[in-house]
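Trainee: Structure of the sequence below:
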Amino acid sequence: MAWFNRKDKGIQTPTTAKKEAPDGLWYKTPSGKIVHMRELKNNSYVSPEDDYHVRIGSKEYFEILFDNNEFEELDAEMTSADPLKFSDTKPYPARIAATQEKSGLKDAVRSAVGKMHNKDIVIACMDFGFIGGSMGSVVGEKIARAIDYSLKHKIPFLMISKSGGARMMEAGFSLMQMAKTSAKLALLSEAKIPYISLLTDPTTGGVTASYAMLGDFNIAEPGSLIGFAGPRIIRETIGKDLPKGFQSAEFVLDHGFLDFIVDRRSLKRKLTTLLELLEN
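Mentor: Predicted structure coming up:
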């Protein structure tokens, strides 16, 4: 019966004293691959085994793209008002306040100016964690002001889109941002200042129908969902099954709506090369 009796009494740890691994130490990709969070961060938040691009926000993109993560944030304190006095389960201002506290963000986009491989650039990046990256008045205004900064200082503009579309709580005010940002981008084009649009997972709705598809170059990360309406809505509208991979970045590229797909690990280098080509 010695098999069932532990003879070595050197290590005696009570069950109550045993500790579990801390939350957030490992990440599991949709294909089932397990990667340590430290390794994931060092790999630009791309799983090394299956190349899955984890959804990240402005904080991570700024770390990846700006030299030494040094930048000056633009209009950092701008927050949403409640022009329509919208209320569903809770008043709109209360939802904004709760999301700000939970996410640490003021709204669904951050804009900043800094250097990327020693070249000046303005970057506006959306955060899906703030009400699904929805486009409201603050999002449109901050993007418009970031474009104004590019115009004034004659430096390139990069837009990183990640959004579920227009923000329903602002209704028409939200939809007006499509026209406002598009008009600002037209001024950028007239001034011959480069604008690169990076579409990430997901980019949908009014964002896709406006600034996300108006770049001098429209590029995307692998596997990103890109479209206007959702696949279920389209399927029910046309009454037909959709092609395999419909609305994936690869499908959109094959049908001529993207210029190329770029792996996040080489994003900074490829963006710099692209801007150098445009300058020359």
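Trainee: From now on I want contacts and neighbour counts done on CA atoms only, so please keep to that.
Mentor: Noted.
Trainee: which element is the residue most central in space within the chain on?
Mentor: Centroid-nearest residue in the chain: residue 162, 3.8 Å away (criterion: C-alpha atoms, centre = their mean). In this assignment (DSSP states H and E), residue 162 forms part of strand 157-163.
Trainee: What residues of the lowest-mean-pLDDT helix or strand in the chain count as buried?
Mentor: Here the helix or strand of the chain ranked lowest by mean pLDDT, DSSP states H and E is helix 231-238, holding a mean of 88. Across helix 231-238, burial judged by 16 or more other C-alpha atoms under 10 Å covers no residue at all.
Trainee: Hmm, residue 48 and residue 33 touching each other?
Mentor: No. Taking C-alpha atoms under 8 Å as the definition, residue 33 is not a contact partner of residue 48, at 9.2 Å.
Trainee: for the helix or strand hosting residue 272, packing partners?
Mentor: Using DSSP H and E, residue 272 sits in helix 267-279. With contacts taken as 3 or more C-alpha pairs under 8 Å, 6 or more residues apart in numbering; DSSP states H and E, helix 267-279 sits against helix 58-65.
Trainee: Does the helix it packs on pack against any helices or strands, and if so which?
Mentor: For helix 58-65, the packing partners by 3+ C-alpha pairs under 8 Å, 6+ apart come out as strand 109-116, strand 119-126, helix 267-279.
Trainee: With mean neighbour count and distance to residue 196 added, can I get these in CSV?
Mentor: Output for the helices and strands packed on helix 58-65, formatted as CSV (neighbours: other C-alpha atoms under 10 Å; distance: least, C-alpha to C-alpha, whole Å):
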stretch, mean neighbour count, distance to residue 196
strand 109-116, 23, 14
strand 119-126, 23, 10
helix 267-279, 14, 8
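Trainee: so which of these gets nearest residue 60?
Mentor: Closest approach to residue 60 among these (C-alpha to C-alpha): strand 119-126, 10.1 Å.
Trainee: List the strands paired with that closest one, with their directions.
Mentor: Sheet pairing for strand 119-126, assigned by DSSP bridges, gives strand 109-116 (antiparallel), strand 157-163 (parallel).
Trainee: can I see the domain layout of this protein?
Mentor: Here the domain assignment for the chain is 25-54, 55-279, based on automatic domain parsing.
Trainee: out of those domains, deepest packed?
Mentor: Comparing these by mean neighbour count (mean count of other C-alpha atoms under 10 Å), domain 55-279 ranks first with a mean of 18.
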